[in-house]
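Undergrad: quick one: sequence plus predicted model below, questions after.
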Amino acid sequence: MKMTMQRVPEPELMDAPDQVQAYSEADFAESNRLFVDQLLHMPSVLQFQTRPVRLVDLGCGPGDICLRLARQRPDWTIQGVDAGANMLKSAEAAARLQSMNNRVEFKFAHLPDPSLPQQHYQIVLSNSLLHHLPDPSVLWNSIKQLGATGASVQVMDLERPASEDQADQLVQRYAEHAPDVLKQDFFNSLKAAWTLDEVQAQVRAAGLTLEVQRISDRHWIAQGQLDH
């Protein structure tokens, strides 16, 4: 029987000023570029290459993925949603700095949020939100509620390693020179993450037809379309 490290939940919000500053200044270019590239190459997303589309990013944090997509797809309407007020301030500042504040909208919302437009978005995405949620079904049900029929869905997050030693190795490999607060958050996030098997079970329980696969030594990705 395969042994795995016990999951240790972490706080749902990472919104303290020192955390927001560290996340805003951190270099997540590799994983964010991977996320965006995977999305833009989904067969169901390719049809929107030159067509208007409504997209929502659940748990957008400091907004880097939203801004990357806005630069590459100027016809898209992009909304980032987050429950961290300080994170959203950082995202809005980044949008102004890049002259994108009229292209990307950031909204404060704590999922599940019935005020968000239901079955409205053609693309629903989320990166590194799931491991923060006390109840993972909140994300999967929100995706079903917000996405239009046939909407493209992409979710990516960390995969919990088998031991604390492996978690330590990943922190040293990818955050060796990061601030201490970021190293500690990364370590805690790895311990709070879900395994591939757990995510696949969550997706099945939500009635979603998403393909879940490992995409790096620390990430899994779930992709597919809504059939409601």
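TA: Yep, it's here. Numbering: from 1, shown residues only.
Undergrad: for the protein, give me the ranges with low pLDDT.
TA: Low-confidence segments of the chain (pLDDT under 70): 1-3, 12-27.
Undergrad: all helices of it, in order?
TA: Under the criterion DSSP state H, the chain contains helices at 17-25, 29-40, 43-46, 64-72, 85-97, 137-146, 164-175, 180-192, 196-205.
Undergrad: make TSV out of these and add mean neighbour count and distance to P9.
TA: Quick note: C-beta positions are derived from backbone N, CA and C, even for glycine. As requested, these are exported to TSV (neighbours: other C-beta atoms under 10 Å; distance: least, C-beta to C-beta, whole Å):
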stretch	mean neighbour count	distance to P9
helix 17-25	16	17
helix 29-40	17	22
helix 43-46	14	32
helix 64-72	21	24
helix 85-97	18	19
helix 137-146	20	13
helix 164-175	15	15
helix 180-192	18	5
helix 196-205	16	13
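Undergrad: what's the closest of those helices to Q223?
TA: helix 29-40 (7.3 Å; C-beta to C-beta).
Undergrad: contact partners of the closest one?
TA: 45-46, 49, 64-65, 68-69, 72-73, 123, 125, 127, 152, 154, 156, 215-216, 219, 221, 223 (C-beta atoms under 8 Å, 6 or more residues apart in numbering).
Undergrad: send me it as PDB with only the CA atoms.
TA: Output of helix 29-40 as PDB, limited to C-alpha atoms (Å, rounded to 0.1, in the frame of the first residue of the first chain):
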ATOM      1  CA  ALA A  29       7.000  32.900 -14.200                       C
ATOM      2  CA  GLU A  30       7.700  29.200 -14.800                       C
ATOM      3  CA  SER A  31       4.500  27.800 -13.300                       C
ATOM      4  CA  ASN A  32       2.300  30.700 -14.500                       C
ATOM      5  CA  ARG A  33       3.700  30.400 -18.000                       C
ATOM      6  CA  LEU A  34       3.100  26.600 -17.900                       C
ATOM      7  CA  PHE A  35      -0.500  27.300 -16.800                       C
ATOM      8  CA  VAL A  36      -1.200  29.900 -19.500                       C
ATOM      9  CA  ASP A  37       0.500  27.700 -22.300                       C
ATOM     10  CA  GLN A  38      -1.600  24.700 -21.300                       C
ATOM     11  CA  LEU A  39      -4.800  26.700 -21.400                       C
ATOM     12  CA  LEU A  40      -4.200  28.400 -24.700                       C
END
